[in-house]
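J.: Mind folding the following:
(2 chains)
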Amino acid sequence: MAEILKKVDVVTVGAGWTGGIIAAELTKAGLNVLSLERGHMQSTENFNFIHDEWRYGINYGLMQDCSKDTVTFRNDLKELALPYRKMGSFLLGNNVGGAGVHWNGWTFRFMPYDFEIKSRSFKRYGNKLGDDYTLQDWGLTYKDMEPYYDKFEKTCGISGEPNPLAEKMGSFRSSPYPQKPLENTKILKRFESTAKEMNLHPFRLPAANSRSGYTNPDGQELAPCEYCAFCERYGCEYGAKASPITTVIPKAMSTGKYTIRTYSNATQILKKDGKVTGVKFVDTRTMKEYIQPADIVVLTSYVFNNAKLLMVSEIGSQYDPKTGKGTLGKNYCYQMNMGTTAFFEEQFNTFMGSGALGTTCDDFIGDNFDHSREKFLHGAMIYSVQSGNRPIQSAPVPQGTPSWGAEFKKALNYNFTRNIFIGGQGASLPHKNNYLSLDPTYKDAFGMPLLRLTYNFTDQDRALHKFITDKTAQIAKRMKGVKSIKKGSYLKNYSIVPYQTTHNTGGTTMGANPEMSVVNTYLQHWDADNLFVVGAGNFQHNSGYNPTDTVGALAYRCAEGILKYHKSGKILA
Amino acid sequence: MQDNIIDRRSFFKLGLLGGSVVAASTLGGGAVLKAAELTDSPKSLQTKSNKIRGRIFFQTQTEFDTLSAACERIYPKDNQGEGAIGLGVPYFIDNQLASAYGYNDREYMQGPFMDGKEEQGYQTPMKRKDIFLEGVHALETNAKKRYKKSFSSLKGKEQDEILRDFEKGKIQTIGFKSSYFFTLLREMTIAGVLADPIYGGNDNKNGWRMMQYPGAQMSYIDKIASDEFFDIEPVGLADMED
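T.: So this is what the prediction gives:
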């Protein structure tokens, strides 16, 4: 029998960015919050010896233990899904702070176009992609989102500069970036001058790697970035990268109203008479089961686990691709990375950098260009970033180099400091056959089914990917001093093996009505008004930007919604 | 230690005081954070190599010699410097096979096991320690069959021919594809050349030195905006221990 613990005002499942933001905002308002976290406690102090590519970069030292829980995967409905036995395609976080500890810090707002993608696309192009693409508006607009973006960016102390295309995109900022952009470099200047020659509109990438010393509105301090080149897959040893453990979690702790219960793996959301009553979890140190009762439950774990918890708890209606009915698991989207590597004779300090030290342009994203003659909607940001190459993971060699032997060794060593990558990050639009459901065969360490991912790239994806890949090659070819280029290959079937991106979205979508979404625009579940689900799972599609800014903004909106609900006890939208 | 050099531990003490790093940096040109000095490590540490090493996985000399010869073909000694053997890569792999890597410790190893598409990733119940063991045996068996000699005593070209057949998946093995073994062997050889020397490979940081990678430097804040290329003496994690 599970032991029943003392009731709290609010319980969150997970203590990363979303759980941390909820905890900070609600405890400031006087509520008691408890987070269940399956991993261990960690702080900046844990990362003094983080400069270890083998431990953290290659063997995923900060990531989820797949022996306990993972997903299964198949390309399409007819195939048998098999377990994602070792991490590859995406990296799931673990421990207090979650994936917010090992992110790179790229902090983009989505465009006004994104939030109204269906109505805006249909208005300009008609139903261009056909009914197999399940495009949806998000139920709110950029204008609604702006205050929450502003709040998250101030929490993180984003270092950035205005986007020259902002006006054209209909974007606006209620206040400038909190800090000026990160230092500029020879690599980035080379990209910038080439982009300008080609009439593109480059600007410095908005970064959560702090330019200077910064104190955020909560009174939390960030140190200046040292450009040490260990961001993605690593925790920041300097407390310079904004993360839940440098900002919102210590803030929540300082109120005395916040508890994080570590080694606690949630297995079920409990419900009674149209409300949820608490969370069942296992203490992984003893394997003993507990029930944490709460007035309000907030799912703040990663995309996959939020969806899985709803599915195993039978809350909401499972999406069925054959009938198109149901919303839970629908509109799962990924993202596409494309690009070209340029090789030079001159040397660059490729090994220095910071996660979001970069320059980018928005000329080919969203609806910033005419799609009438293209076979796709949306697009990609095009960038160059100097996050700091590490030798095992990122040492490119020119086209035609053998993959081992004497010639390989020579090329590996010569080119490590002689390359620049021009990349694109492409939007992903939902398709009726890409979705999340429970696996009928494979189970996790707690006896619950694994989540099943059914996904493949679509014709839309392939057309977009080719278009942007060609653009990156055009830029790379024109760079001053370039000796040769290696263009990335066009899209084949989605494979879960090589790392691509951790920007998984959808499955617990938000919207204006229960027919088209799992939660409303305050991230409140349509079927249980004291249950909130927040994260990138709320996205109706994925833009060509990194999701964290939008995730953070949604968490602030969710916190506001919870406080309103706490007072009124009513459904909010 | 000179007055103007702050060691790593003192640096972190500064940071952990809470806000003192921030305060120092905003003073501008203060004495506290001179990153150029922070990145210098004592010269005496730079010549030390991994003297303490030994096998903890492979039980026979032949297995270890076969592995060593195969790694050397992937990353050979040349006029730039040592190859895989000279850098200690076979010991790196051996040691890894005896630990979490070899035992697939943090991976989903529950059945049922079924052959999947390439896009679904490996689906074998075999742990990597056993794949390496069987793979190395298969290299040796193949050498004996083709040339009546041990793999490690073959000429480079002969070894390459066998390795290429493994790479192409042409060699019969039970429970895993020979191409999968080759992929692991290649990945682990490169990792052994380029991982921090604390793991037993990249002897004396020479794998890094050959590609001008400076290793685990603490900071590039004073260099990042410069157009100059910096050829910096590498630092490893062991150099940072007190």
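J.: mind listing the helices for chain A?
T.: Secondary structure of chain A by DSSP state H: the helices cover A:17-28, A:112-115, A:117-125, A:142-156, A:166-169, A:186-197, A:248-254, A:303-312, A:406-415, A:459-478, A:548-568.
J.: Compile the ones you listed into CSV and extend it with columns for mean neighbour count and mean pLDDT.
T.: Any C-beta I mention is one placed from the backbone N, CA and C, and that applies to glycine too. Output for the helices of chain A, formatted as CSV (neighbours: other CB atoms under 10 Å in any protein chain shown; pLDDT from 0 to 100):
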stretch, mean neighbour count, mean pLDDT
helix A:17-28, 28, 98
helix A:112-115, 22, 98
helix A:117-125, 16, 98
helix A:142-156, 21, 98
helix A:166-169, 15, 96
helix A:186-197, 19, 98
helix A:248-254, 23, 98
helix A:303-312, 25, 98
helix A:406-415, 19, 98
helix A:459-478, 20, 98
helix A:548-568, 22, 97
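J.: what would those look like in TSV with distance to residue B:107?
T.: Output for the helices of chain A, formatted as TSV (distance: least, CB to CB, whole Å):
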stretch	distance to residue B:107
helix A:17-28	26
helix A:112-115	36
helix A:117-125	38
helix A:142-156	33
helix A:166-169	43
helix A:186-197	36
helix A:248-254	29
helix A:303-312	17
helix A:406-415	28
helix A:459-478	29
helix A:548-568	27
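J.: closest one to residue A:225 among the ones you listed?
T.: Proximity to residue A:225 (CB to CB) singles out helix A:142-156 among those, at 12.5 Å.
J.: which other helices and strands contact the closest one?
T.: Packing contacts for helix A:142-156, counted by 3 or more CB pairs under 8 Å, 6 or more residues apart in numbering or on different chains; DSSP states H and E, involve helix A:112-115, helix A:548-568.
J.: Now do the longest one against helix A:303-312, angle only.
T.: Read that as helix A:548-568. Helix A:548-568 runs at 40 degrees relative to helix A:303-312, counting by axes from the mean of the first three to the mean of the last three CA atoms, to 10 degrees.
J.: how far out from the middle of the chain is helix A:548-568?
T.: 18 Å (CA atoms, centre = their mean, to the nearest Å).
J.: Give me the helices and strands touching it, please.
T.: When contacts are defined as 3+ CB pairs under 8 Å, 6+ apart, helix A:548-568 packs onto helix A:17-28, helix A:142-156, strand A:288-299, strand A:531-533.
J.: ok, how many other residues are close to the residue in the stretch 151-300 of chain A that chain B sits nearest to?
T.: Nearest to chain B, among the residues of the stretch 151-300 of chain A, is residue A:213, at 3.0 Å (CB to the nearest CB). By the criterion of other CB atoms under 10 Å in any protein chain shown, residue A:213 has 21 neighbours.
J.: What pLDDT is listed against it?
T.: What the model reports as pLDDT for residue A:213 is 97.
J.: hmm, back to that, tell me which of the helices and strands packed on helix A:142-156 sits nearest to residue A:323.
T.: Using CB to CB as the measure, helix A:112-115 is the one of the helices and strands packed on helix A:142-156 that comes nearest residue A:323, at 27.6 Å.
J.: coming back round to it: now the helices and strands packed on helix A:142-156 as TSV including distance to residue A:449?
T.: TSV is the format used below for those (distance: least, CB to CB, whole Å):
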stretch	distance to residue A:449
helix A:112-115	32
helix A:548-568	26
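J.: what residues are up against residue 93?
T.: You didn't pick a chain, so chain A it is. By CB atoms under 8 Å, 6 or more residues apart in numbering or on different chains, residue A:93 lies in contact with A:16, A:62, A:63, A:64, A:99, A:100, A:101, A:102, A:302.
J.: Chain B was what I was after
T.: For residue B:93, the contact set (CB under 8 Å, 6+ apart) comprises B:67, B:71, B:132, B:188, B:189, B:192.
J.: For residue A:565, see how far away the third one is.
T.: Distance of residue B:132 to residue A:565, computed by CB to CB, to the nearest Å: 56 Å.
J.: Show me which residues of the stretch 351-500 of chain A sit near chain B.
T.: Within the stretch 351-500 of chain A, the positions near chain B by CB under 8 Å from any CB of the partner chain are A:351-353, A:357, A:391-392, A:395, A:403-406, A:408-410, A:412-413, A:416-417, A:441-443, A:493-497.
J.: Name the nearest residue to the most far-flung residue of chain A relative to its centre, sequence neighbours excluded.
T.: Within chain A, the residue lying farthest from the chain centre (CA atoms, centre = their mean) is residue A:406, at 39.7 Å. With sequence-adjacent residues excluded and distances taken as CB to CB, 6 or more residues apart in numbering or on different chains, residue A:406 is closest to residue B:76, at 5.2 Å.
J.: burial count for the one you found?
T.: Other residues within reach of residue B:76 by the criterion other CB under 10 Å amount to 19.
J.: what do you get for residue A:12?
T.: Residues contacting residue A:12 under the criterion other CB under 10 Å number 31.
J.: Report how far apart the opening and closing residues of stretch A:171-182 are.
T.: Start-to-end span of stretch A:171-182 (CA to CA, to the nearest Å) is 22 Å.
J.: Ignore what I typed, I meant stretch A:177-190.
T.: Terminal residues of stretch A:177-190 lie 24 Å apart, using CA to CA.
J.: Give me the residues contacting it.
T.: With CB under 8 Å, 6+ apart as the contact definition, stretch A:177-190 has outside contacts at A:153-154, A:156-161, A:204-207, A:209-212, A:214, A:216, A:225, A:227, A:348-350, A:352-354, A:356-359, A:384, A:386, A:420, A:479-481, B:224-227.
J.: Verify the stated contact: residue A:211 with residue A:161.
T.: No. Residue A:211 is beyond contact range of residue A:161, at 10.8 Å (criterion: CB atoms under 8 Å).
J.: Which one's more surrounded, the two?
T.: More neighbours surround residue A:211 than the other of residue A:211 and residue A:161, with 22 against 13 (other CB under 10 Å).
J.: Pull up the gap between the spatially closest residue to the more buried one that is not a sequence neighbour and residue A:178, please.
T.: Spatial nearest neighbour of residue A:211, chain neighbours left out: residue A:159 (3.9 Å); criterion: CB to CB, 6+ apart. Distance from residue A:159 to residue A:178, counting by CB to CB: 8 Å.
J.: which residues of chain B score low on pLDDT?
T.: Within chain B, the ranges that satisfy pLDDT under 70 run B:1-51, B:242.
J.: max-length helix in it?
T.: Chain B, longest helix under DSSP H: helix B:128-147.
J.: Please produce TSV containing the contacts of residue B:93, extended by neighbour count.
T.: Listed next are the contacts of residue B:93 as TSV, based on neighbours: other CB atoms under 10 Å in any protein chain shown:
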residue	neighbour count
B:67	30
B:71	27
B:132	24
B:188	25
B:189	26
B:192	30
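J.: Greatest separation within those: which pair is it?
T.: The largest distance within the contacts of residue B:93, taken as CB to CB, falls between B:132 and B:192 and amounts to 12.8 Å.
J.: Isn't residue A:15 up against residue A:23?
T.: Yes. Between residue A:15 and residue A:23 there is a contact under CB under 8 Å: 7.4 Å.
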